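Enquirer: Here is my input; please provide its structure:
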Amino acid sequence: MHMKRIAGFAAMAVLAASPAFAHHGWSGQEDKITSLTGTVVQSVNLAGPHGGMKIKVGNQVWDITLAPPFRTSNAGLTEAKIPVGATVTVRGNRTTEPGHYEMKTIYVKHGKDEYRVYPERDR
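Expert: Residues are numbered from 1 along each chain as shown. Predicted structure coming up:
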């Protein structure tokens, strides 16, 4: 009985702490907002906790992290909107992790279409 209580308390502690680890917000990103223009090598994917895509800038492939799927699609950016091979401009905050090419993106432009997935951050 004593072991069951300990196991129960341990399970509750893990569940209570998990939201803190589930979403890191904007930590780990530069404060400065920058822009990149590149070619889509992996189109928009809205699976998982955040949408994403990959673009090639020069010789480097960048992971582009978008907003959560509902927010990205509410901004008008869906999986079928931007094809592989298209040129896009993204604006957001680059990761602070050395040697990692990732940007948490607040804005995507494809042709005349603009998608503001985090409009409140687009200063």
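
Enquirer: Show me which strand runs longest in this structure.
Expert: Counting by DSSP state E, the longest strand found in the chain is strand 34-45.

Enquirer: any idea of the pLDDT on the closest residue to residue 67 other than its chain neighbours?
Expert: Spatially, and ignoring its direct neighbours in sequence, residue 67 is nearest to residue 117 (4.0 Å; Cβ to Cβ, 6 or more residues apart in numbering). Just so you know, the C-beta spots here come from the backbone N, C-alpha and C atoms, and that holds for glycine as well. Confidence at residue 117, expressed as pLDDT, is 94.

Enquirer: Check residue 4 too.
Expert: pLDDT, read off for residue 4, is 54.

Enquirer: Check residue 84 too.
Expert: 97.

Enquirer: repeat for the one 4 residues further on
Expert: pLDDT for residue 88: 98.

Enquirer: I'd like to know how far the most centrally placed residue in the chain sits from residue 112.
Expert: The structure's the chain has its C-alpha centroid closest to residue 65; by Cα atoms, centre = their mean the separation is 2.3 Å. Distance, residue 65 to residue 112, by Cβ to Cβ, to the nearest Å: 24 Å.

Enquirer: circling back to that earlier point, against which helices or strands is the longest strand of the chain packed?
Expert: strand 52-57, strand 60-65, strand 87-94 (3 or more Cβ pairs under 8 Å, 6 or more residues apart in numbering; DSSP states H and E).

Enquirer: can I get those strands in JSON lines with distance to residue 103?
Expert: What follows is those, written out as JSON lines (distance: least, Cβ to Cβ, whole Å):
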{"stretch": "strand 52-57", "distance to residue 103": "9"}
{"stretch": "strand 60-65", "distance to residue 103": "6"}
{"stretch": "strand 87-94", "distance to residue 103": "5"}
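
Enquirer: returning to that earlier point: can you list contacts of the longest strand of the chain?
Expert: 51-58, 61-62, 66, 72, 77-79, 81-94, 103 (Cβ atoms under 8 Å, 6 or more residues apart in numbering).

Enquirer: hang on, the earlier thing: looks like the residue nearest to residue 67 contacts residue 73 (just checking).
Expert: No. Residue 117 is beyond contact range of residue 73, at 9.4 Å (criterion: Cβ atoms under 8 Å).
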